[in-house]
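Colleague: here is a sequence with its predicted model. Questions after.
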Amino acid sequence: MTTHYFPDADDPALQPFTQAFVGMMFAHAAFERRVSELMDVITGDAGFGERRENQWNARKRPTPMGELIREHRPGGSPEAAAIVACLKRSILFCDDRNLLGHGTWWEFDTVANAITVRAGVAWPDQDQHRRFTVDVIQDVAARALDTSKGHREAASVEPSVSHLPMIMRRGGFIEPRLPSKVALPPSGLLWVHEIKPNGYRLMARRDGSRTR
């Protein structure tokens with residue numbers, strides 16, 4: 001028999017799928033964490049993005065995010081368009097994640113090495129069933145975050161966030177800059193300034209509970 005219906009989660013043949021699924025969920029969690037942290041930066045309110053009322057639906061999220069930027073950054077922000085565009089690209093990733101996470105893994109084809117997932121809701125003009133291979137599951141995050149040029153950045157950047165605007169990334173080396181005399185300090189969502197009698201002091205980057 002080549003097809004198993006409602007396969008046993010302990011079936012060794014399913015292990016590559018379950019491992020790919022866990023990796024995808026980790027990638028999704030990392031992406032959502034960066035969105036939450038970005039909302040904190042925009043509002044200047046630590047924990048804003050973690051509050052229940054600010055947990056927006058992925059399909060609707062680009063619009064309120066744009067409104068949030070306009071509300072808290074009335075002077076505008078050079079990153080605003082890139083942030084909204086990134087959230088629009090992430091809709092596909094979130095849709096696939098929701099189907100894999102909430103749908104029923106009901107048919108396993110051992111010959112094609114593919115799992116068929118059945119959505120819990122039948123939407124008009126949409127197939128309620130989708131087939132996934134291990135490669136497709138592993139590529140869900142990367143496909144959803146590809147830029148219009150299809151360019152992928154260096155492997156040192158996490159695949160799940162490799163196409164986020166620079167403001168939404170963490171990690172990696174930041175080249176130090178020598179001080180220079182300017183008429184006004186730089187602006188943007190990542191810039192926080194403290195006025196000093198002899199100039200400006202720039203805030204270090206926060207990475208979770210760490211700063212550097």
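Modeller: Noted; the coordinates are in hand.

Colleague: drop to CA atoms for contacts and neighbour counts, all remaining ones
Modeller: OK.

Colleague: middle-most residue in the chain, spatially?
Modeller: Nearest residue to the geometric centre of the chain (C-alpha atoms, centre = their mean): Phe31, 2.7 Å.

Colleague: pLDDT score for Ala154?
Modeller: Here the pLDDT value assigned to Ala154 is 25.

Colleague: residue ranges with poor pLDDT in this protein?
Modeller: Where the chain drops to pLDDT under 70, the residues are 1-2, 141-179, 189-190, 194-212.

Colleague: max-length helix in it?
Modeller: helix 15-43 (DSSP state H).

Colleague: so how far is that one off the chain centroid?
Modeller: 6 Å (C-alpha atoms, centre = their mean, to the nearest Å).

Colleague: what residues sit buried inside it?
Modeller: For helix 15-43, the neighbour count (16 or more other C-alpha atoms under 10 Å) marks 17-18, 20-21, 23-25, 27-28, 31-43 as buried.

Colleague: show me what it is packed up against.
Modeller: helix 62-72, helix 80-102, helix 134-144 (3 or more C-alpha pairs under 8 Å, 6 or more residues apart in numbering; DSSP states H and E).

Colleague: any idea how far His28 is from the closest residue in space to Gln138 that isn't next to it in sequence?
Modeller: Among residues not flanking Gln138 along the chain, Ala20 sits closest, at 5.5 Å (C-alpha to C-alpha, 6 or more residues apart in numbering). Counting by C-alpha to C-alpha, to the nearest Å, the separation of Ala20 from His28 is 12 Å.

Colleague: picking up where we left off before, of the helices and strands packed on helix 15-43, which is nearest Val182?
Modeller: helix 80-102 (24.2 Å; C-alpha to C-alpha).

Colleague: residues of the helix or strand just after that closest one that come out buried?
Modeller: Next helix or strand after helix 80-102 toward the C-terminus (DSSP states H and E): strand 104-109. Neighbour counts over strand 104-109 (16+ other C-alpha under 10 Å) mark 105, 107-109 as buried.
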